[in-house]
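Chemist: Fold the stuff below for me.
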Amino acid sequence: MGTIGDILLSLVAIALVVALSLEVAFEALVAVWLLVPSNLSVPHAPHILLVHTVVLYAFVFRLLARRGPGEPSSEAYSPTFVHGALGAFVLVGFFGGVIFTPRGNSLAGDLHSWLSDLNLFILLVVVLAVVRTITAWRAVAIVAVVVCAVVAIGFWEHFTHRGWSNFFFEHLPASYLAAGVGPLQTRGGHVRSQGAAQFALEYGWVLVMLMPLLLVSVVHWSHGRIRLARLANVIPLLAGVAVVFTGSRSATIAFVAALVLLVVLTGRDQRMLVWGALAVMAGAITTVAHPSLITSVFSAGKSDPASVRLNRLQPLFALVVHHPFTGLGLTGLTSTFAFSGLDDGYAVLYGTLGVVGVLAWLSVLSASAATAGHGLKAPPGTIERRLGAACLVGVLAAAVAAAAYDFTNTSQSSWTLVILAALGVAAVEGANVRVVRRHWSSMRLLLPTGGVLVGLSVLAIAPVSSSLTLTVITDAPGILATETAYYPNQGTEMVNTLCPVVTNPDTVIAGTTVGCLQYAQIFPDFPGLAVVQVRGPTPQFVTREVNSALTPISRQMPLEVAPEGAIATGKPSWAITAPLSGGVAGLLGMLLLPSLSRKRPLVNPGSRNGP
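Modeler: Residues are numbered from 1 along each chain as shown. Have a look, this model is predicted:
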C-alpha cells in the first residue's frame, strides 16, 4: 500500500469518524479494528502512533466536540463493573509496570506499553457509549458484516497465497515494518491465513471469539422476508473453514466447542437448535468427503505446543522468583530474553505485572462474563438471550485464548475482548431484565475474609525449598567462534549427552531434584545451550548437587556454566501470593456471584424474534 496509501487510509478513517453520523463512525472504527493490522504505525509519525490509536482518539474528539440528537447523552457514559475492573487493571499496569519496576527497565518502553492498556479503557468508554445510543442489536449487525469480510479475506489468502497484512506494510521504510509483513506462515506445506492479525493463531482465535455474534446475526437475517437470505446460514460454516485454514489446532477445537456452548446457553431456542443440527450435518459431510481438510490441521505439527509452553515457564519463573507480586515491569521480559513472546498471555502477565497483574486481568474477564451472563435470564428464543449468550461465549473464548498466545500484547485480540464486554453490557441493559437486587448477607460479606484465610493456610503448610537455575553451554568458546563448521545436530547431541547424566536418579543426591532441557526447544537459540534447574531443601543441598552433577561431566565436555542469579530460598511464589489470590477471588465472588432467588426475571415481551 505504501507510505502515501497508509497516510490516506488514516485520514479517510479520521474523516469518517469525525464528520459523519455516529453509526457510520462506528462502522469505520470496527473496520479499522478488524481489517487494518493493529501494529501498523502512521508512516513518518512516531512509532507509537498506530492507525488504531489515531482513529480511536479521533472518535474521542468527536464525542467531546459534538452534542445533540443522535449523539451519546451523559447517561451513555454511566460506569459499570466492567469499567471498574478494566480501570483497576490499567492502574495496576501503571504502578506495577511503569513506576515500581526493577532497575534497568526502559521508562519510555514501559510507558509506551502502558498506553496500549490505557487505550483499552478509552475504547470501552467510547464503544459502550456508542452502542447504548445506536442499540446493541444494530452494533452487533455492523460487527457481523465486517466479520464476513474477515472470513472472505481468509479464503482469499488461502487460494492466492498472498498476505492481507503484508499489503499494508509494502514499500514502507524498514523501521515501520512489524509482525505481519512478508509471506504467510506455512504448516504442513499449506499457507496459514491470518487476515489483519499479527499471526495465523491470533486470526483463528479472533474468529472464534466473534463467531457467536456472527451466528446470532445470521440466524436473525436468515428469517427475514427475503428468501435468498436463508443462504446466510452458510456464513458461520465458512468462518469455521477459515479457522481451519489458519492451521491452528487449538482454534479449530475451540470453534466447535464455542458453537456447542452457544447452542446450549441459548436454551430451547428452536432457530439455534435447527442451525446446530444443520452444522453437524455439514461437518459430517465435509469430514467424509474431504477428510484431509480437518486431519491436516492436527497432523502437520512437529511438536507438542502444550509441552513447549510448559517448558518455557521454567526460565520465566526463575526470573520472577524475587518479584512474584509485581513482576519485572512491562518491558522486563523483552529486556531479558531475546524473543518476542511466551505464547501464553497469563505467563506474560505474571512476568511483567506479577500475580497482581494476573488477578487484575482475571477480574476483567470475570466482570465481563458475569455481566453478559445476565442475558441468560431472558427467556429462550428472544434476541436478548441470544446476544447475552453470544457475548458470554466470546468472553470465555478470550479467557482460553489468553493461554494460547500473548493475548495482552496483541491489540486486535485485546480490542475484541473489550468490544465484546461493551456489547454484553449494552445487550443486558437493553433486555429490560429485572435484576434481583443482591442481599448483602453475612455469608456473602465473609467471602473475601474466607479467601484470605484459605490463602494463609496454604502459605502456612507450603514447604520451604531452595532452587538455582543454570545456563550451560556445551562447547568451549573457541568452538563457538567457528560455529559455522558445526554439523546440523551437533549442539542437540551435546545437550542430549549432558541432560541424561545430570538428571540420572542414581547419582542425584537424596532430597534434591534436577531438571535439564535444551533451550532451543522453548526459544529459538543456539542448539548447544541447556537450562539446568536444581532444587533442594536448603542452599547447601543445592550447592552440593550442582557440584556433584556438573563436575564429572565437565571433565569430558568443555562446559561453560552461568547461574541465573543467586540461589533462591523460601516458599514457592504461588504460596507467598496465596492470601492475595484468595482475597481477590472472594471479593469477586461477593460482587459477581448471583443471588439465590426463585423469582423469574421479566423481559420485554415484544423482543421474541429480534428487533
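Chemist: mind pulling up the phi and psi values for S465?
Modeler: phi -150, psi 170 (degrees, to the nearest 10).
Chemist: Now do the same contact list for it.
Modeler: Contacts of S465 were listed using CB atoms under 8 Å, 6 or more residues apart in numbering, and they are 535-537, 569-572. C-betas here are computed from N, CA, C, even on glycine.
Chemist: Quick check: mean pLDDT of the helix or strand hosting G582?
Modeler: For G582, the host element (DSSP states H and E) is helix 578-592. Averaging pLDDT along helix 578-592 yields 87.
Chemist: Remind me what that helix packs against, helices and strands.
Modeler: Identification of packing neighbours for helix 578-592 by 3 or more CB pairs under 8 Å, 6 or more residues apart in numbering; DSSP states H and E yields helix 345-373, helix 447-461.
Chemist: could the ones you listed go into JSON lines alongside mean pLDDT?
Modeler: Conversion of those to JSON lines gives the following (pLDDT from 0 to 100):
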{"stretch": "helix 345-373", "mean pLDDT": "91"}
{"stretch": "helix 447-461", "mean pLDDT": "91"}
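Chemist: List the contacts of the residue most central in space within the chain.
Modeler: When CA atoms, centre = their mean is applied to the chain, the residue found nearest the centroid is F407 (2.5 Å). Counting by CB under 8 Å, 6+ apart, F407 makes contact with 345, 398, 401, 413-414.
Chemist: Which of those sits closest to G109?
Modeler: Checking the contacts of F407 against G109 by CB to CB gives S414 as the nearest, at 18.1 Å.
Chemist: Return the residues in contact with that closest one.
Modeler: 116, 120, 407-408.
Chemist: State the number of residues packed around A88.
Modeler: Using other CB atoms under 10 Å, the number of residues around A88 comes to 17.
Chemist: for it, helix, strand, or coil?
Modeler: helix (DSSP: H, G, I helix; E, B strand; the rest coil).
Chemist: hang on, the earlier thing: can you redo the contacts of S465 as a markdown table, where the extra columns are pLDDT, distance to L86 and neighbour count?
Modeler: Converted to a markdown table, these look like this (pLDDT from 0 to 100; distance: CB to CB, whole Å; neighbours: other CB atoms under 10 Å):
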| residue | pLDDT | distance to L86 | neighbour count |
| --- | --- | --- | --- |
| R535 | 91 | 38 | 18 |
| G536 | 92 | 43 | 25 |
| P537 | 91 | 43 | 14 |
| T569 | 87 | 38 | 16 |
| G570 | 87 | 33 | 15 |
| K571 | 87 | 32 | 16 |
| P572 | 85 | 30 | 18 |
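Chemist: quick one: which of those is nearest to A370?
Modeler: P572 (30.2 Å).
Chemist: phi, psi of the closest one?
Modeler: Per-residue torsions, P572: phi -60, psi 150 (degrees, to the nearest 10).
Chemist: Same check on E560?
Modeler: phi -120, psi 120.
Chemist: Which residue is the nearest non-sequential neighbour of it?
Modeler: Spatial nearest neighbour of E560, chain neighbours left out: I473 (4.1 Å); criterion: CB to CB, 6 or more residues apart in numbering.
Chemist: I figured the one you found was touching V532, is that so?
Modeler: No. With contact defined as CB atoms under 8 Å, I473 and V532 do not form a contacting pair (11.4 Å).
Chemist: who's more crowded, those two?
Modeler: Neighbours were tallied for I473 and for V532 using other CB under 10 Å; the higher tally belongs to V532 (23 against 20).
Chemist: what bridges to that one?
Modeler: L470, C516 (DSSP bridges).
Chemist: Understood, closing this out.
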